[in-house]
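Q: heads up, no residue letters with this:
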């Protein structure tokens with residue numbers, strides 16, 4: 001912040017001027033100077049004038065006629081924005097030199113005529129007139145005769161060192177210089193971007209204080225013989241003509257408040273020469289004669305126009321002086337801008353860290369709007385206050401503070417990212433272990449296509465789909481001997497790892513008990529209930545059906561521990577409800593489970609399932625249900641294999657559920673008896 005303030009004090013006025021000028025120029029384009037009246041009239045040597053009176057340059061006799069006619073219309077002074085450094089080559093003496101074929105009488109008559117320059121000089125001597133000069137940067141200095149410069153009184157310190165200085169000048173021929181009432185310089189002060197924003201009132205030419213064209217026009221119009229320059233040790237204060245004081249910048253310039261180039265400010269020279277202008281129409285005005293036709297005019301860029309005639313700029317300078325409408329940028333403006341910068345920056349520095357970044361941006365935008373409004377209101381009073389530097393500097397402050405906040409946030413983000421990465425690593429480890437557990441769990445299930453010793457008249461298929469990586473549903477199938485197939489299906493309460501662990505225990509113990517007691521299989525669930533309950537610290541329970549199918553007879557004996565009744569697809573669809581069934585395993589430790597039996601017919605199919613099938617819900621919240629399963633089984637042909645029946649059920653189940661997330665594990669087991 002200190003560095004920004006020091007930059008503004010040391011070089012802000014000079015180095016920041018391009019950005020400042022963009023704003024001030026925009027103000028002039030959006031709100032150009034209103035002109036209620038036109039104290040200055042431009043006598044325009046335009047295309048119409050050249051068409052009527054011939055190409056430029058005109059003979060100076062015609063220029064003299066134009067000056068005389070303009071003065072007769074009531075003007076207080078006539079300025080000529082034209083420099084005539086050489087004699088008029090249309091004068092009679094020049095014609096004589098080029099025409100040796102003229103008769104002696106005609107040559108004698110022409111030789112008695114005055115030169116065009118003499119005619120113009122006599123006109124200038126009769127009219128309150130001001131001719132133009134140009135101060136030149138290049139060229140050797142030459143002594144300027146004191147009689148040729150308007151007398152000036154300097155009150156205060158010498159301002160010469162503060163003013164724009166030129167070593168030499170371009171002037172008119174001597175007789176014109178001597179005849180005119182005043183002589184003023186038409187130099188403008190284009191900046192590096194070639195835009196004219198200010199015009200000087202006084203210059204230093206060859207070391208002599210010299211007036212500009214606009215100042216001389218006002219002096220001559222006021223009838224004063226001299227002008228006074230007031231200054232102090234800091235430069236110029238202004239110029240006084242009679243009782244009127246014109247304040248200026250310290251370098252003797254005025255920053256113009258431009259208006260558009262109104263047509264009402266101009267009168268064609270052709271209209272003056274042809275007498276089309278009413279008498280006294282230009283009373284109490286000053287006139288500036290200038291050539292603006294294409295190819296003969298000098299133009300410059302201004303804040304309100306890309307091309308503006310030089311004579312137009314001179315006229316607007318005179319208007320700015322007479323109306324007091326010039327734009328002012330006092331020396332203290334830079335300090336006020338610095339104060340605005342600090343008044344804006346300090347609250348940001350103090351309070352910005354307490355706000356969220358979006359609030360900081362809102363505060364900055366509000367401050368920017370206030371600075372812009374203040375600058376606009378001051379411009380309407382013709383004062384130039386630059387909002388761009390305080391806004392840009394505070395934008396830098398905001399960016400630095402936001403960067404600091406971002407850096408702190410980035411540090412917190414890195415810490416959080418490290419923690420998240422650690423958590424992600426842990427999740428990946430757990431996920432890997434769960435995938436391994438799933439592989440192990442699924443590997444514990446028998447391959448339904450490769451049950452060792454399965455008789456040819458038995459068709460078996462099974463499927464398990466966990467809702468999570470691991471689940472609590474189970475199935476198993478194995479041969480007790482050459483003729484008897486033992487199988488089971490179960491559902492552990494809950495899901496996830498605890499259910500999968502109890503599922504593994506229940507499956508292993510049940511199979512072990514069945515294989516140990518081949519001749520007394522009715523005790524499978526009774527003993528499994530006791531042993532599973534012994535290793536059940538979470539007090540979970542298991543619903544299960546264990547069954548034995550005799551391949552020769554088709555007799556199916558089953559034990560039901562709180563599980564859904566299987567569906568038998570025979571001539572009709574039937575449910576194998578168990579009259580001797582009992583509660584789920586691990587509910588009653590000493591419960592003795594009894595079996596039920598059913599005689600299967602040839603090609604009968606029995607479908608065993610867990611409640612994850614019938615209680616599956618779609619996105620509308622509807623359940624798959626037992627009724628939908630029975631209807632599906634009724635439409636499946638009797639010669640369909642166990643695998644085909646199972647795949648039909650799975651496909652219908654997936655179609656029904658759609659995109660809804662699975663809520664429970666699904667286990668399916670299909671058994672067909674093909675007869676003897």
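A: Structure's in. What do you need? Just so you know, these numbers come straight off a predicted model, no measurement behind them.
Q: break the protein into its domains for me.
A: 34-323, 447-673 (automatic domain parsing).
Q: residues of stretch 210-224 that come out buried?
A: By neighbour count on 16 or more other Cβ atoms under 10 Å, the buried set for stretch 210-224 is 210-221, 224. No exception for glycine: its C-beta is placed from N, CA and C like everyone else's.
Q: touching, residue 525 and residue 585? I think so.
A: Yes - using Cβ atoms under 8 Å, residue 525 is in contact with residue 585, at 6.9 Å.
Q: farthest-separated two in the buried residues of stretch 210-224?
A: Using Cβ to Cβ, the pair of these lying farthest apart is 210 and 221, separated by 18.7 Å.
Q: could you pull out the strands for the stretch 551-676 of the chain?
A: 555-561, 567-569, 573-575, 596-599, 604-609, 666-673 (DSSP state E, counting those that start in this stretch).
Q: could I get the buried residues of stretch 210-224 as a markdown table with distance to residue 460?
A: Listed next are the buried residues of stretch 210-224 as a markdown table, based on distance: Cβ to Cβ, whole Å:
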| residue | distance to residue 460 |
| --- | --- |
| 210 | 120 |
| 211 | 120 |
| 212 | 115 |
| 213 | 116 |
| 214 | 114 |
| 215 | 118 |
| 216 | 121 |
| 217 | 119 |
| 218 | 119 |
| 219 | 123 |
| 220 | 125 |
| 221 | 123 |
| 224 | 127 |
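Q: among the residues you listed, which are in strands?
A: Among those, the residues falling in strands (DSSP state E) are 210, 211.
Q: tell me which of the buried residues of stretch 210-224 fall in helices.
A: The members of these that map onto helices under DSSP state H are 213, 214, 215, 216, 217, 218, 219, 220, 221.
Q: among those, which one sits closest to residue 153?
A: Distances from residue 153 to these, taken by Cβ to Cβ, are shortest for residue 219, at 12.5 Å.
Q: and the ones in helices among the buried residues of stretch 210-224 as CSV, adding pLDDT and distance to residue 281?
A: Shown next, in CSV, are these (pLDDT from 0 to 100; distance: Cβ to Cβ, whole Å):
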residue, pLDDT, distance to residue 281
213, 96, 23
214, 96, 22
215, 96, 26
216, 96, 24
217, 96, 19
218, 96, 21
219, 96, 24
220, 96, 20
221, 95, 17
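Q: of these, closest to residue 123?
A: When those are compared for distance to residue 123 (Cβ to Cβ), residue 220 wins out at 14.8 Å.
Q: correct me if wrong: the closest one contacts residue 183.
A: No - with contact defined as Cβ under 8 Å, residue 220 does not reach residue 183; the gap is 10.1 Å.
Q: shared neighbours, these two?
A: residue 130 (Cβ atoms under 8 Å, 6 or more residues apart in numbering).
Q: returning to what we had before: looking at the domains of the chain, which has the lowest confidence?
A: Between the domains of the chain, the one with the least mean pLDDT is domain 447-673; it has a mean of 84.
Q: start and end of that one, how far apart?
A: End-to-end distance for domain 447-673, by Cα to Cα, to the nearest Å: 19 Å.
Q: equivalent analysis for stretch 161-174, please.
A: 29 Å.
Q: what's the helix or strand for the most centrally placed residue in the chain?
A: Centroid-nearest residue in the chain, with Cα atoms, centre = their mean: residue 361, separated by 13.5 Å. Taking DSSP states H and E as the criterion, residue 361 maps to helix 357-380.
Q: check which helices and strands that helix is in contact with.
A: helix 17-30, helix 333-351, helix 388-444 (3 or more Cβ pairs under 8 Å, 6 or more residues apart in numbering; DSSP states H and E).
Q: what strands line up against the helix or strand just after the longest one, and which way round?
A: Going down the chain from helix 388-444, the next helix or strand is strand 458-465, by DSSP H and E. Here the strand partners of strand 458-465, with direction, are listed using DSSP bridges: strand 666-673 (antiparallel).
Q: just give the number of residues close to the closest residue to residue 542 other than its chain neighbours.
A: Nearest non-adjacent residue to residue 542, counting by Cβ to Cβ, 6 or more residues apart in numbering: residue 585, 4.3 Å away. If you count neighbours by other Cβ atoms under 10 Å, residue 585 ends up with 32.
Q: ok, now which ones touch residue 585?
A: Counting by Cβ under 8 Å, 6+ apart, residue 585 touches 506, 525, 528, 529, 532, 533, 541, 542, 543, 544, 561, 562.
Q: now residue 319
A: Contacts of residue 319 by Cβ under 8 Å, 6+ apart are 35, 38, 39, 40, 259, 325.
Q: and the helices in the stretch 151-300 of the chain, which stretches?
A: For the stretch 151-300 of the chain, applying DSSP state H, counting those that start in this stretch gives helices covering 174-179, 213-222, 269-273.
Q: closest one to residue 647 among these?
A: That would be helix 213-222 among those, by Cβ to Cβ, at 102.3 Å.
Q: just checking, what packs against the closest one?
A: Partner elements for helix 213-222 (3+ Cβ pairs under 8 Å, 6+ apart): strand 77-80, strand 129-136, strand 182-185, strand 235-241, strand 286-291, helix 310-323.
Q: so which residues make contact with it?
A: 76-77, 79, 81, 128-130, 132, 150, 181-186, 199, 201-202, 211, 226-227, 239, 241-242, 244, 246, 286, 288, 314, 317-318, 321-322.
Q: and the angle for it with strand 235-241?
A: Interaxial angle, helix 213-222 versus strand 235-241 (axes from the mean of the first three to the mean of the last three Cα atoms, to 10 degrees): 30 degrees.
Q: SS state for residue 55?
A: coil (DSSP: H, G, I helix; E, B strand; the rest coil).
Q: can you get me a residue count around it?
A: 10.
Q: please report phi then psi for it.
A: Backbone torsions of residue 55, given as degrees, to the nearest 10, read phi -70, psi 160.
Q: any idea how far it lies from residue 47?
A: Counting by Cβ to Cβ, to the nearest Å, the gap from residue 55 to residue 47 is 11 Å.
Q: quick check, nearest of the buried residues of stretch 210-224 to residue 382?
A: Comparing these against residue 382 with Cβ to Cβ places residue 214 closest, at 18.1 Å.
Q: any idea how far the closest one is from residue 254?
A: Counting by Cβ to Cβ, the gap from residue 214 to residue 254 is 9 Å.
Q: shared neighbours of these two, anything?
A: Common neighbours of residue 214 and residue 254 (Cβ under 8 Å, 6+ apart) are 199, 201, 317, 321.
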